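>>> here is my input, please return the structure:
(chains A and B)
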Amino acid sequence: GAVVSQHPSWVICKSGTSVKIECRSLDFQATTMFWYRQFPKQSLMLMATSNEGSKATYEQGVEKDKFLINHASLTLSTLTVTSAHPEDSSFYICSARQGRAEAFFGQGTRLTVV
Amino acid sequence: SQKIEQNSEALNIQEGKTATLTCNYTNYSPAYLQWYRQDPGRGPVFLLLIRENEKEKRKERLKVTFDTTLKQSLFHITASQPADSATYLCALDPSGAGTALIFGKGTTLSVSS
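Numbers count the residues shown, from 1 in each chain, chains lettered A, B, ... in the order given. Alright, predicted model coming up:
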């Protein structure tokens, strides 16, 4: 299957700092990328949908000024958690699709804010 | 309200048996449904996609059925092995147009030797 590379796989940061997570589709062009958040023993919760070259669409309750998404090319999307706080600690996962095909996921990023 | 539910949080079976996982949905009419495997601390890995006009799909030891009347999909792993132990997620695309997948909470399968 297609490969989606996400990094870093884990990051620890101090409260108040910003963290950037990268998501790359390595062998296909992703028309759409998605960012999910997952708490322990919970399902993946969609945060936002991004299309290359346009602004991301955020789900209700997700602060767009806190979770900045940039989809600069058909193979790269980034999620920046700004002014991170301990409650932002979570597992963040990106996903990429090419049209209506199956979705492929990155390895996930474990963010811990101390 | 729209819901996608997986019948149990955990399923424990012995090696060699068939594992059957259930996914039910309400208030959706998906054109297809997908199953993923997720290991701890990792992103989901795509396993199978079944379309609404397909009753059954197979891939090696995996089999998926899709009953749009019952609004249910069953996921089977035959001749299960300890390496099959993981969380299995069902997911659907509400619009069928490449929008975000909606996931069930998952069923954690444990296969003991």
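
>>> going by C-alpha atoms from here, please, whenever you check contacts or count neighbours.
Fine.

>>> assign the nearest residue to residue A:76 once chain neighbours are set aside to helix, strand or coil.
Nearest in space to residue A:76, with sequence neighbours left out and distances taken as CA to CA, 6 or more residues apart in numbering or on different chains, is residue A:24 at 4.6 Å. At residue A:24 the chain is in strand, as set by DSSP: H, G, I helix; E, B strand; the rest coil.

>>> does the residue most central in space within chain A have beta-bridge partners, and which?
The centroid of chain A falls nearest to residue A:35 when counting by CA atoms, centre = their mean (3.7 Å). As for beta bridges, residue A:35 partners with residue A:48, residue A:94 under DSSP bridges.

>>> which residues sit in contact with the residue nearest to residue A:76?
Residues in contact with residue A:24 (CA atoms under 8 Å, 6 or more residues apart in numbering or on different chains) are A:4-6, A:75-77.

>>> among the residues you listed, which one sits closest to residue A:59?
residue A:77 (17.0 Å; CA to CA).

>>> report the secondary structure state of residue B:83.
Taking three-state DSSP, the label given to residue B:83 is helix.

>>> I meant residue A:27, not that one.
Residue A:27 - assigned by three-state DSSP - is coil.

>>> list, one by one, the residues from chain B near chain A.
B:34, B:41-46, B:49, B:96-100, B:102-106 (CA under 8 Å from any CA of the partner chain).
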